[in-house]
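**Q** model the structure of this input:
(2 chains)
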2 protein chains.
Amino acid sequence: MMIPKTHPRYTSLMLREKISQAMKRGIVHETGLIAHGRGETFDYLIGERTLPVTKGAEKTAAACLIDSTHPVISINGNVAALAAKECCDLAKTVGAQLEVNLFHYDKERVLRVAKVLKENGADAIRGLHPDKKIPDLDHSRANCCSQGIYKADVVVVALEDGDRCQALKNMGKTIIAIDLNPLSRTAQTATITIVDNVVRALPRITEWTKQISPDETQKIIQDYDNEKYLREVLDYITHRLRNFEKAGMELF
Amino acid sequence: MMIPKTHPRYTSLMLREKISQAMKRGIVHETGLIAHGRGETFDYLIGERTLPVTKGAEKTAAACLIDSTHPVISINGNVAALAAKECCDLAKTVGAQLEVNLFHYDKERVLRVAKVLKENGADAIRGLHPDKKIPDLDHSRANCCSQGIYKADVVVVALEDGDRCQALKNMGKTIIAIDLNPLSRTAQTATITIVDNVVRALPRITEWTKQISPDETQKIIQDYDNEKYLREVLDYITHRLRNFEKAGMELF
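**A** Model prediction:
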């Protein structure tokens, strides 16, 4: 499908096209398309741009990554389809590992997702041979690598399942979640939640890791209040809905 | 996938499964899955139930259908996948025609959608041999039948594209739209908008057509204010968002 660059929702439509293509190539599960649609609505509700108030969450995420000894970025089909390069860039900048973890586990799809990461510059990829289980999580979703997510102190999850986010948090890890829905269990459970589209959020976190000096990190982390941030995002959305004519909202 | 009936979001997950299966059977286009996801979020925002304030819109839709001389229900892939039987029931009750109209036109898919309608009791189905164009609408989306949508005085559209809704309205028709997004162009353009899930809305309209007597219809239609209704829905959503902890919102 040809989408004219002048279309007011060009980026959103391009991402839709990407995820649609990725399903045809067996990278995204069909329910991943439905999940993407849910995200589209939330992205629309925040105006399809990074909210100014999100800066604090990004900066804190960057500080946590700088301070971490074993950071891992968890990759599922949708994340690989939308932001493989952005994940690889962040991994390189902070020395994080990439681990493939699918909600609907499928060995072949794991390999295809890993291939996408390789094509986008990933060196080592975890998740191909899971040898550990995340406690208190059912069946294949619990799979992880002993040298990857299992021993990570900081895990970046994007478009993540709420149960899995909770289980990782219960292991005592710092969870940085990128999730467009400020009300999701993932958003509410994570240590730091970034309510933004992955394609916008990841490069911004990478940029912050370059700008923050190691002696600033502790103060940034201490000053941050995730609950307050989520409340501010919600306030923004409700304000926008109440004034939708002024906000120029017109959807789909 | 087995979904336990006790799951708090059982119905929503069942519909997701239906739409997913329908894509595999070539009834729903893959972008229909993304559209379904957008709808899921809006359904979630209204609490996955019919809002009390929606009663007026349903009742007015029923009154318009009773008063109409040539009502048509427009059917796309998602509608057929989710509510084929509900569409057939309404069509029979009010003597409406069913016309297949796909956003991504594909002759084979038209036939598959028609087959689903037939399996659910439809007698005559329009849309197999479109011989007219809806004015001011590009390419295949403009296709319609001279004896169906083209000459209809009342058209029921569900999960409809905004451009097409606008073009039908411009032809002077009464448009009853079922759309979970109160801000969409379809919702804002239609004569009567029902902000509800099609699987809940259609049986309720059918029920109203049985309860309203023909001498009541004019008053019902005159008293109805669609703009006011949409504003009330929006108020409900923003109130719910502001009080989401009390509302017990927990998503995906």
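**Q** tell me which element whichever residue of the stretch 101-250 of chain A sits closest to chain B falls in.
**A** For the stretch 101-250 of chain A, the residue closest to chain B is A:Thr238, as judged by C-beta to the nearest C-beta, at 4.4 Å. C-betas here are computed from N, CA, C, even on glycine. Secondary structure from DSSP states H and E places A:Thr238 in helix A:226-242.
**Q** hmm, A:Lys133 and A:Ala142 touching each other?
**A** Yes: contact criterion C-beta atoms under 8 Å: A:Ala142 and A:Lys133 qualify, at 4.2 Å.
**Q** and chain A, which residues reach chain B?
**A** Residues of chain A lying close to chain B by C-beta under 8 Å from any C-beta of the partner chain are A:16, A:19-20, A:23-24, A:30-31, A:33-42, A:162, A:181, A:183-185, A:234, A:237-238, A:241-242, A:244, A:249-252.
**Q** so of those residues, which ones are in strands?
**A** Assignment to strands by DSSP state E places none of the residues of chain A next to chain B there.
**Q** helices - which of the residues you listed land there?
**A** Cross-referencing the residues of chain A next to chain B against helices under DSSP state H gives A:16, A:19-20, A:23-24, A:30-31, A:33-42, A:162, A:185, A:234, A:237-238, A:241-242.
**Q** could you tell me which of those residues count as buried?
**A** A:16, A:19-20, A:23, A:30-31, A:33-42, A:162, A:185, A:234, A:237-238, A:241 (16 or more other C-beta atoms under 10 Å in any protein chain shown).
**Q** of A:Ala142 and A:Lys133, who's got more company?
**A** A side-by-side neighbour count of A:Ala142 and A:Lys133, using other C-beta atoms under 10 Å in any protein chain shown, places A:Ala142 first with 18 against 15.
**Q** residues contacting that one?
**A** A:Lys133, A:Ile134, A:Pro135, A:Ala167 (C-beta atoms under 8 Å, 6 or more residues apart in numbering or on different chains).
**Q** verify the stated contact: the first one with A:Arg141.
**A** Right, A:Lys133. No: under the criterion of C-beta under 8 Å, A:Lys133 makes no contact with A:Arg141, lying 9.6 Å away.
**Q** nearest residue to A:Thr60 in space, please, no chain neighbours.
**A** A:Tyr224 (4.1 Å; C-beta to C-beta, 6 or more residues apart in numbering or on different chains).
**Q** how deep is that neighbour tucked in, by neighbour count?
**A** 18.
**Q** now A:Ile192
**A** When neighbours are defined as other C-beta under 10 Å, A:Ile192 has 25 of them.
**Q** just A:Thr217 next, same as before
**A** There are 19 residues near A:Thr217, going by other C-beta under 10 Å.
**Q** who's in contact with it?
**A** A:Thr217 neighbours (C-beta under 8 Å, 6+ apart): A:Ala63, A:Cys64, A:Ile66, A:Asp67.
**Q** which one of these sits closest to A:Ala177?
**A** A:Cys64 (11.9 Å; C-beta to C-beta).
**Q** does that closest one touch A:Ala177 like I think?
**A** No: contact criterion C-beta under 8 Å: A:Cys64 and A:Ala177 do not qualify, at 11.9 Å.
**Q** what is in contact with the two at once?
**A** Common contacts of A:Cys64 and A:Ala177, defined by C-beta under 8 Å, 6+ apart, comprise A:Ile192.
**Q** which one of the two has more residues nearby?
**A** The neighbour comparison of A:Cys64 against A:Ala177 (other C-beta under 10 Å) goes to A:Ala177, with 30 against 25.
**Q** doesn't that one fall inside a strand?
**A** Yes: if the criterion is DSSP: H, G, I helix; E, B strand; the rest coil, then A:Ala177 is within a strand.
**Q** which pLDDT value goes with it?
**A** On pLDDT, A:Ala177 comes in at 98.
**Q** contacting residues for it?
**A** Counting by C-beta under 8 Å, 6+ apart, A:Ala177 makes contact with A:Val156, A:Val157, A:Ala158, A:Glu160, A:Cys165, A:Thr186, A:Ala187, A:Thr189, A:Ala190, A:Ile192, A:Thr193, A:Ile194.
**Q** state the distance from the residue in the stretch 1-150 of chain A that chain B sits nearest to to B:Thr209.
**A** Per C-beta to the nearest C-beta, A:Gly37 is where the stretch 1-150 of chain A lies closest to chain B, at 2.1 Å. From A:Gly37 across to B:Thr209, the span is 32 Å (C-beta to C-beta, to the nearest Å).
**Q** assign a three-state SS to the residue lying closest to A:Ser12 once chain neighbours are set aside, would you?
**A** The spatial neighbour of A:Ser12 that comes closest, neighbours along the chain excluded (C-beta to C-beta, 6+ apart), is A:Glu48 at 5.9 Å. Following three-state DSSP, the label given to A:Glu48 is coil.
**Q** one more: A:Leu137?
**A** Taking three-state DSSP, the label given to A:Leu137 is coil.
**Q** let me see the contact set for it.
**A** So A:Leu137 contacts A:Asp163, A:Arg164, A:Ala167 (C-beta under 8 Å, 6+ apart).
**Q** then the helix holding A:Thr238 to CSV, C-alphas only?
**A** What follows is helix A:226-242, C-alpha atoms only, in CSV (Å, rounded to 0.1, in the frame of the first residue of the first chain):
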residue,chain,number,x,y,z
ASN,A,226,6.5,6.6,38.6
GLU,A,227,3.0,6.8,40.2
LYS,A,228,3.0,10.6,39.9
TYR,A,229,4.1,10.3,36.2
LEU,A,230,1.3,7.8,35.3
ARG,A,231,-1.2,10.1,37.0
GLU,A,232,0.1,13.0,34.9
VAL,A,233,-0.3,11.0,31.7
LEU,A,234,-3.8,10.1,32.6
ASP,A,235,-4.6,13.8,33.4
TYR,A,236,-3.2,14.7,30.0
ILE,A,237,-5.4,12.1,28.2
THR,A,238,-8.6,13.1,30.0
HIS,A,239,-7.9,16.8,29.4
ARG,A,240,-7.4,16.0,25.7
LEU,A,241,-10.6,14.0,25.5
ARG,A,242,-12.6,16.8,27.1
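**Q** quick one, that helix and helix B:226-242 angle?
**A** Between the axes of helix A:226-242 and helix B:226-242, defined by axes from the mean of the first three to the mean of the last three C-alpha atoms, to 10 degrees, the angle is 180 degrees.
**Q** what helices and strands are in contact with helix A:226-242?
**A** Packing contacts for helix A:226-242, counted by 3 or more C-beta pairs under 8 Å, 6 or more residues apart in numbering or on different chains; DSSP states H and E, involve helix A:30-45, helix A:55-67, strand A:192-194, helix B:226-242.
**Q** dump the ones you listed to JSON lines, plus distance to A:Glu108.
**A** JSON lines is the format used below for the helices and strands packed on helix A:226-242 (distance: least, C-beta to C-beta, whole Å):
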{"stretch": "helix A:30-45", "distance to A:Glu108": "15"}
{"stretch": "helix A:55-67", "distance to A:Glu108": "31"}
{"stretch": "strand A:192-194", "distance to A:Glu108": "31"}
{"stretch": "helix B:226-242", "distance to A:Glu108": "40"}
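**Q** now mean pLDDT too, for these, in CSV please.
**A** Formatted as CSV, the helices and strands packed on helix A:226-242 follow (pLDDT from 0 to 100):
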stretch, mean pLDDT
helix A:30-45, 94
helix A:55-67, 98
strand A:192-194, 98
helix B:226-242, 94
